[in-house]
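> My questions concern the predicted model and sequence given below.
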Amino acid sequence: MKKRVSIMFLVAGMWATPLSAMEPYVSAFVGSSEMNHVGRGHDNSGITMLGAFGLGFDNNFRLEAEIGYQAVGNNGEYGANLDTNLSTQLILANACYDISLSDVVTPYITAGTGVAIVNPPFGALNSAQKSLAYQLGAGFTVPIGENVKLDARYRYVVTPKVILDPEFDNGKLSSNTILLGLRFNF
């Protein structure tokens, strides 16, 4: 029994991170998205906005909770001027790893998973759809103040199992997004 309790405390001590080793931050981004599998339109680009609250750890790992919004326009088949905008709300839990190369530029990789609520355009077969969402990305930060960093990133977001047009759909909605934002440490 003593041995089990000792092992439990040893494992808990290894995984526990002291509060002083965590650095909380908030970040806000705006960017441009190119949505894939939206339909047969000519313009599947739009805007993305997101915000996150995160914790940075001494071992270069960061964990963050993110909420985001993507809206893309789709001019319809053959460029018809129909209002066929598509919007997606995202709630993701992300893990990031900062690659320490210098004090000037810090590249990082990121991955996350969560839920997406996709609001299809007017006239689509289905109303709002919930789906698993996941993202992979990479970016870099540049310090611009004592507790402020300029943050630029690319990410690929997938929401499988979303059907917008059964005739041409593969059941997977994805986007390529370039974002620029600020991260505030406190």
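That came through fine.

> Do a quick rundown of the helices in the protein.
Secondary structure of the chain (DSSP state H): helices located at 2-15.

> what bits of it have low per-residue confidence?
1, 8-20, 37-43, 74-84, 121-126, 163-171 (pLDDT under 70).

> How are the strands of it distributed by residue range?
Along the chain, counting by DSSP state E, strands occupy 22-36, 45-57, 61-72, 86-98, 106-119, 129-143, 148-160, 172-185.

> in its sheet, what does the shortest one sit against?
Put plainly, it is strand 61-72. Within its sheet, strand 61-72 is paired with strand 45-57 (antiparallel), strand 86-98 (antiparallel), according to DSSP bridges.

> Contacts only, for the residue positioned nearest the centre of the chain.
By Cα atoms, centre = their mean, the chain has its centre lying nearest to Gln135, at 5.7 Å. Gln135 is in contact with 92, 94, 110-113, 155-158, counting by Cβ atoms under 8 Å, 6 or more residues apart in numbering. No exception for glycine: its C-beta is placed from N, CA and C like everyone else's.

> Selecting buried members of those residues in ChimeraX, what would you type?
To isolate the buried ones among those in ChimeraX, judged by 16 or more other Cβ atoms under 10 Å, type:
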select :92,94,110,112,155,157,158
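
> Of the contacts of Gln135, just say which sits nearest to Gln129.
Taking Cβ to Cβ as the measure, Val158 is the one of those closest to Gln129, at 14.0 Å.

> Leaving out the residues flanking it, which one is nearest to Ser100?
Nearest non-adjacent residue to Ser100, counting by Cβ to Cβ, 6 or more residues apart in numbering: Asn60, 6.2 Å away.

> Just confirm that neighbour contacts Pro107, I think it does.
No: Asn60 is beyond contact range of Pro107, at 11.0 Å (criterion: Cβ atoms under 8 Å).

> so what sits against both of those two?
The contact sets of Asn60 and Pro107 overlap at 98-99 (Cβ under 8 Å, 6+ apart).

> re earlier: same list, the strands paired with strand 61-72, but as a markdown table with distance to Gly181 please.
Output for those, formatted as a markdown table (distance: least, Cβ to Cβ, whole Å):
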| stretch | distance to Gly181 |
| --- | --- |
| strand 45-57 | 8 |
| strand 86-98 | 13 |
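
> now for the ones you listed, which one comes closest to Val30?
Set against Val30 and scored by Cβ to Cβ, the strands paired with strand 61-72 come closest in strand 45-57, at 5.3 Å.

> What residues are bridge-paired with the nearest residue to the residue nearest to the centre of the chain once chain neighbours are set aside?
Spatially, and ignoring its direct neighbours in sequence, Gln135 is nearest to Val157 (4.4 Å; Cβ to Cβ, 6+ apart). Under DSSP bridges, the beta-bridge partners of Val157 are Gln135, Ser175.
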